[in-house]
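> Fold the following for me, if possible:
(chains A and B)
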Amino acid sequence: NAGVTQTPKFQVLKTGQSMTLQCAQDMNHEYMSWYRQDPGMGLRLIHYSVGAGITDQGEVPNGYNVSRSTTEDFPLRLLSAAPSQTSVYFCASSYSTDTNEKLFFGSGTQLSVL
Amino acid sequence: SQQGEEDPQALSIQEGENATMNCSYKTSINNLQWYRQNSGRGLVHLILIRSNEREKHSGRLRVTLDTSKKSSSLLITASRAADTASYFCATDETSDYKLSFGAGTTVTVRA
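Numbers count the residues shown, from 1 in each chain, chains lettered A, B, ... in the order given. This is a model prediction of the structure:
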């Protein structure tokens, strides 16, 4: 199993550009989520999904869109990149929505918006 | 807003010493989890403690939970250079299944 795979690992965007961060898991996990990590602020939840076709907002959803057309994939779209979106983005998944389950994290995407 | 807050922000210890870090949270929880993050990597799950548990062990890790004080501690015994990492607590609010992470404690183990 590859686990949780994120692409790309690094990305530089200009303000106003759009892009999609890819996340795929091969563990048949029901729950998937996106976090951003900023210095001194820990991880903040952007969007999450409890199954294919179901998504919901987290703590900091503005400027981001998600979709979950398959169990395996959960892409994060930046609609019009802003410097405030410079961050490290992590995708995470778990077997179910039960909070007894641990999260499996991808290796992250480091995004810089100029 | 962040549910959990770790203390201290940073910790530097000698190899072989114990490292203790604390996590405080604001609302009732079902579970509390601890994760480790090595530099430039994703988070890795270490241990989960349920709200009805007071202490849990896993190898050199010992976690305590005091729900009356809304706090948890993570103890790493006999630290090694490989323990150098950031450690995060994560909590769930009772009516939700989202995990909220604190800002983390950065631990440096000196050889």
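> nearest residue to the residue in chain B positioned nearest to chain A other than its sequence neighbours?
Minimum separation of chain B from chain A (Cβ to the nearest Cβ) falls at B:G42, amounting to 3.4 Å. Yep, even glycine has a C-beta here, placed from its N, CA and C like the rest. Excluding the flanking residues, the one nearest B:G42 by Cβ to Cβ, 6 or more residues apart in numbering or on different chains is A:F105, at 3.4 Å.
> Kindly list the single helix or strand of chain B that scores lowest on mean pLDDT.
strand B:5-7 (a mean of 85; mean pLDDT, DSSP states H and E).
> Strand partners (parallel or antiparallel) of the very next helix or strand once past that strand?
Per DSSP states H and E, the first helix or strand lying C-terminal to strand B:5-7 is strand B:10-14. Its sheet considered, strand B:10-14 pairs with strand B:105-110 (parallel) by DSSP bridges.
> buried stuff in the least confident helix or strand of chain B?
For strand B:5-7, the neighbour count (16 or more other Cβ atoms under 10 Å in any protein chain shown) marks B:E5, B:E6 as buried.
> now swap in stretch A:14-25 and tell me
A:L21, A:C23, A:A24, A:Q25.
> Run through the residues you listed and flag the ones next to chain B.
Contacts with chain B within the buried residues of stretch A:14-25, as defined by Cβ under 8 Å from any Cβ of the partner chain: none are present.
> So which of those residues is the closest to B:R60?
A:Q25 (29.3 Å; Cβ to Cβ).
> wait, the closest one sits on A:M32?
Yes: between A:Q25 and A:M32 there is a contact at 6.7 Å, judged by Cβ atoms under 8 Å.
> what is in contact with those two at once?
Shared contacts of A:Q25 and A:M32 (Cβ atoms under 8 Å, 6 or more residues apart in numbering or on different chains): A:F74, A:C91, A:S93.
> so of those, which ones are in strands?
Taking DSSP state E, the ones among those that sit in strands are A:C91, A:S93.
> Let's have the shared contacts of A:Q25 and A:M32 in a markdown table, adding distance to chain B, pLDDT and neighbour count.
Below are the shared contacts of A:Q25 and A:M32 laid out as a markdown table (distance: Cβ to the nearest Cβ, whole Å; pLDDT from 0 to 100; neighbours: other Cβ atoms under 10 Å in any protein chain shown):
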| residue | distance to chain B | pLDDT | neighbour count |
| --- | --- | --- | --- |
| A:F74 | 15 | 98 | 29 |
| A:C91 | 9 | 98 | 28 |
| A:S93 | 11 | 96 | 27 |
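> residues touching the residue of chain B closest to chain A, list them.
A:V4, A:F90, A:A92, A:F105, A:G106, A:S107, A:G108.
> So which residues of chain B form strands?
Ranges of strands in chain B, per DSSP E, are B:5-7, B:10-14, B:19-24, B:29-37, B:43-50, B:55-58, B:61-66, B:71-76, B:85-93, B:99-101, B:105-110.
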